[in-house]
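Chemist: Below is the sequence, then the predicted model.
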Amino acid sequence: MRLAANLIMLWENIAMSFRSIFSSKGRAFLTALGVMIGVASVITLTGLGQGARAQVEEDLTRLGANLLIVYSGEPTTSTQLVRPRTTRIRPTLTEEDLAAIKALPENQVVLTAAESTLEGQLKFENRNMAATVVGTEPAYPEIRNFQPAYGSFFTASDAEHRRNVVAIGAEVYRTLFPDGRDPIGQSIRINGHAFRVTGVMEEKGSPTQDASVLIPLSTYRRRLSGEDSFAMINVQASSLEVMYELQERIEQELLGLRRLPSMDLANFYVANQMDVIGAATGVADTFTLMLAGIAAISLIVGGIGIMNIMLVSVTERTREIGIRMALGARASHLMTQFLTEAVLLSAGGGLIGIAAGYALSWALQHFAGLASAISPEAVIMAFSFALATGLFFGGYPAYRASRLDPIEALRYE
């Protein structure tokens, strides 16, 4: 019976709150406007932050699956994965280093591809351009997730026989073959040497990759560089779980070959894709929290607006409060009544804000080209904060209403 009575009372409070809100729709809308803007801002900005995080992860994953890169020289940053190829790296890695990495267990190392680069001059008929020449091995496309869009990559047989074959980047194709002719089988010159085109690599949107050509490392060393060493070794780990273990094992193997006690004295370093992803997503998460914090200020401002309007409402309804108290309403009834109104205003503003946040995120994604990823957690957080705002800022007006003296309230004009 007590539960039924409480439910009836709650229903009456909600009904009375709706009547009060709809009796002054304009004021109610303006009261909830701050909450609407706050919720929409939180959802939109956290969506943009999460979208940026997802974009960073996707871009880094495109560099290759489970990627470790062993570099010559010393790291310029602790999480560097890709160094500009315009900077010539003095090769310090040897065939012995590569063999040691290839000899690691298959449950850790899937594929390897050594790599060296230099700046080259390309020429086809009367057209020429500068491009990055990459000498590497046949496993490179799979490790670095960089596949031919047309034609094929060079083969193990090409590498073994040091053939002058080349796979060209998308920008190289556009520059040397502007008329759209089929490049496969055509002969281009790289630093004066003739190379037969076997394929066109997919477009990555990266000037470094799109304006590059890839040739067998054996040919690169014989025809172009004359070096026995190479600048880096790309390593594909078997899974994300073994990345750090494999990194440590590679370091220990190469230190052992050099008879060095620690990485402090090494002329190489290992860049781990997981470090870069962790650092980049950490920055994105901090950015998201900052945006959400800024947006939450709008909710606080909206809550202050609710408190102001509710205080005005208490003043305007002083006589009504007095009549209800004279008819037997207790202070707790009045407090519950005004709290219900505040929460309903916040909830209504929150629901409209959620819809507005989704609409704004969709518009930014489709018309401004910004990545957005709204999570259910962000929506729940924003709506919960809106309700909490209503309870907090509606508490004082409700308390004021419950503490009115019924006799003074009845005399109020």
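Modeler: Ah, there it is.
Chemist: What strands line up against the top strand by length along the chain, and which way round?
Modeler: Ordering each strand of the chain by length in residues (DSSP state E) puts strand 109-124 first. Paired with strand 109-124 in the same sheet, following DSSP bridges, are strand 127-136 (antiparallel), strand 187-190 (antiparallel), strand 232-237 (antiparallel).
Chemist: Just after the last one, pick out the following helix or strand.
Modeler: Looking back up the chat, that one is strand 232-237. Using DSSP states H and E, the helix or strand that follows strand 232-237 towards the C-terminus is helix 243-258.
Chemist: now that following helix against strand 109-124, angle please.
Modeler: Helix 243-258 and strand 109-124 meet at an angle of 80 degrees, taking axes from the mean of the first three to the mean of the last three CA atoms, to 10 degrees as the criterion.
Chemist: Give the next helix or strand downstream of helix 243-258.
Modeler: Counting by DSSP H and E, the element after helix 243-258 in chain order, helix or strand, is strand 268-272.
Chemist: what helix or strand is Leu351 on?
Modeler: Assigning secondary structure by DSSP H and E places Leu351 in helix 331-367.
Chemist: buried ones in that helix?
Modeler: For helix 331-367, the neighbour count (16 or more other CB atoms under 10 Å) marks 334-354, 356-358, 360-361, 364-365 as buried. In short, each C-beta sits where N, CA and C put it, glycine included.
Chemist: And stretch 234-254, by the same measure?
Modeler: Buried residues in stretch 234-254, counted by 16+ other CB under 10 Å: 234-238, 242-243, 246-247, 249-251, 254.
Chemist: Just send these back as TSV, with pLDDT and distance to Thr112 too.
Modeler: Converted to TSV, the buried residues of stretch 234-254 look like this (pLDDT from 0 to 100; distance: CB to CB, whole Å):
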residue	pLDDT	distance to Thr112
Asn234	94	7
Val235	93	5
Gln236	91	7
Ala237	89	11
Ser238	88	12
Val242	88	15
Met243	86	15
Leu246	91	11
Gln247	90	14
Arg249	93	14
Ile250	92	10
Glu251	91	15
Leu254	92	13
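Chemist: Let me have these in CSV, extended by distance to Asp228.
Modeler: Shown next, in CSV, are the buried residues of stretch 234-254 (distance: CB to CB, whole Å):
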residue, distance to Asp228
Asn234, 19
Val235, 20
Gln236, 24
Ala237, 27
Ser238, 30
Val242, 31
Met243, 30
Leu246, 26
Gln247, 26
Arg249, 25
Ile250, 21
Glu251, 23
Leu254, 17
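Chemist: quick one: which of these is nearest to Ala386?
Modeler: Using CB to CB, Met243 comes nearest to Ala386 of those, at 41.5 Å.
Chemist: these two touch, right, the closest one and Gln273?
Modeler: Yes: look at Met243 against Gln273 with CB atoms under 8 Å: they come within range, at 7.1 Å.
Chemist: what touches both of the two?
Modeler: By CB atoms under 8 Å, 6 or more residues apart in numbering, Met243 and Gln273 have these common neighbours: Asn66, Leu68.
Chemist: Please state the mean pLDDT value computed over the helix holding Leu351.
Modeler: On average, the pLDDT along helix 331-367 is 81.
Chemist: do stretch 370-385 as well
Modeler: Here the average pLDDT along stretch 370-385 is 82.
Chemist: same deal with stretch 74-83?
Modeler: The average pLDDT for stretch 74-83 rounds to 52.
Chemist: ok, now stretch 269-288?
Modeler: Averaged over stretch 269-288, pLDDT sits at 73.
Chemist: quick revisit: what two of the buried residues of stretch 234-254 have the greatest distance between them?
Modeler: Among the buried residues of stretch 234-254, the pair separated by the greatest distance (CB to CB) is Ser238 and Leu254, at 19.5 Å.
Chemist: how near is Asp210 to Leu104?
Modeler: According to CB to CB, to the nearest Å, Asp210 stands 33 Å off from Leu104.
Chemist: neighbour count winner among these two?
Modeler: Set Asp210 next to Leu104 and count neighbours by other CB atoms under 10 Å: Asp210 wins out with 19 against 16.
Chemist: Identify the residues contacting that one.
Modeler: If a contact means CB under 8 Å, 6+ apart, then Asp210 has Gly169, Ala170, Glu171, Val172, Met201, Glu203, Lys204 as its contacts.
Chemist: From the residues you listed, list just the buried residues.
Modeler: Among these, those that count as buried by neighbour count (16+ other CB under 10 Å) are Gly169, Ala170, Glu171, Val172, Met201, Lys204.
Chemist: so can I have JSON lines of these showing distance to Phe287 and pLDDT?
Modeler: Listed next are the buried ones among the contacts of Asp210 as JSON lines, based on distance: CB to CB, whole Å; pLDDT from 0 to 100:
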{"residue": "Gly169", "distance to Phe287": "32", "pLDDT": "95"}
{"residue": "Ala170", "distance to Phe287": "31", "pLDDT": "95"}
{"residue": "Glu171", "distance to Phe287": "31", "pLDDT": "95"}
{"residue": "Val172", "distance to Phe287": "36", "pLDDT": "95"}
{"residue": "Met201", "distance to Phe287": "33", "pLDDT": "95"}
{"residue": "Lys204", "distance to Phe287": "25", "pLDDT": "84"}
